[in-house]
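>>> I'll drop the sequence and a predicted model, then ask my questions.
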Amino acid sequence: MTDTSKMIINLAVFGRTQSGKSSAGNILLGSDDFYSGLSPGSVTTECNLGRSCQLHSFMRRGGQEITLQIQVLDTPGYPHSKLSMRRVKQEVKNALAHHFGQEGLHLALLVQRADVPFFGQEASNPVQLIQELLGDSWKDYTAVLFSHAEKIEEAGISEDEYLREAPDALVTLLRSVQQRYTFLCESGNSCNEQRIKILETIMEFIKENHYQVLRFT
């Protein structure tokens, strides 16, 4: 019998090399499941699934307190400094089918560094990967996560100002995903505060989607 007081949320992180995917995944999980570090090339070479501890009484649904558990699929950077684009695409496709084939994916997070301009083919590549893997429904199951958001704070720029100055390519992307985005600061506030804030935002996106999932075969 299904325990309706527990909910497992399945997420996948996508993005360019050194965009902060693995670091963002660790913050979402509240752990250090994924290796993350500064490197002149790509760090992640294969998909890895991380699971969080249970977050008791994280939210209420239908008048009932819900215990939440997060699963995050970390994916290689796209394009990759060591692997061909075809190899990365196949690796992620297989991982999505293996981990989320039956349970389904609630949300794909496109991780984009807030301090790196979004334009050109390199910025478009991860978006195209998500489109190919998620299919026609990709817009309904994708959100943008701006990593290293502390950099724009240090520059004295607010989130609203940042978005007003966004290039056309980024404006178009945000419009496509129905303005689903969030900012992640990796310094300043405690990691737990950041984690709760981000998870609350993500759960709002998933709720707006009526908790539907995208399944893979």
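Noted; the coordinates are in hand.
>>> please enumerate the helices of this protein.
In the chain, the helices defined using DSSP state H lie at 21-29, 85-100, 120-134, 150-154, 159-164, 168-176, 191-208.
>>> out of these, which comes closest to Phe58?
Counting by C-beta to C-beta, Phe58 lies closest to helix 191-208 out of the helices of the chain; the figure is 7.5 Å. Using the backbone N, CA and C atoms, a C-beta is placed for each residue, glycine as well.
>>> buried residues in the helix or strand bottoming out on mean pLDDT in the chain?
Considering only helices and strands, the least confidently modelled element of the chain by mean pLDDT, DSSP states H and E is strand 55-61, at a mean of 89. Applying a neighbour-count criterion of 16 or more other C-beta atoms under 10 Å, the buried positions in strand 55-61 are Leu55, Phe58.
>>> what's the angle between that strand and helix 191-208?
An angle of 30 degrees separates the directions of strand 55-61 and helix 191-208 when computed by axes from the mean of the first three to the mean of the last three C-alpha atoms, to 10 degrees.
>>> who does strand 55-61 pair up with?
strand 64-74 (antiparallel) (DSSP bridges).
>>> and the contacts of the partner strand?
By C-beta atoms under 8 Å, 6 or more residues apart in numbering, the residues outside strand 64-74 that reach it are 4-13, 21-22, 25, 28-29, 33-34, 44, 47-60, 95-96, 99-100, 199, 203.
>>> please list only the buried members of those residues.
7, 9-13, 21-22, 25, 28-29, 33-34, 44, 47-50, 52, 55, 58, 95-96, 99-100, 199, 203.
>>> quick test: name the residue nearest the centre of this protein.
With distances taken as C-alpha atoms, centre = their mean, the chain has Leu109 as the residue nearest its mean C-alpha position (2.4 Å).
>>> from memory that residue sits against Leu11, does it?
Yes: checked against C-beta atoms under 8 Å, the pair Leu109 and Leu11 is within contact range at 6.0 Å.
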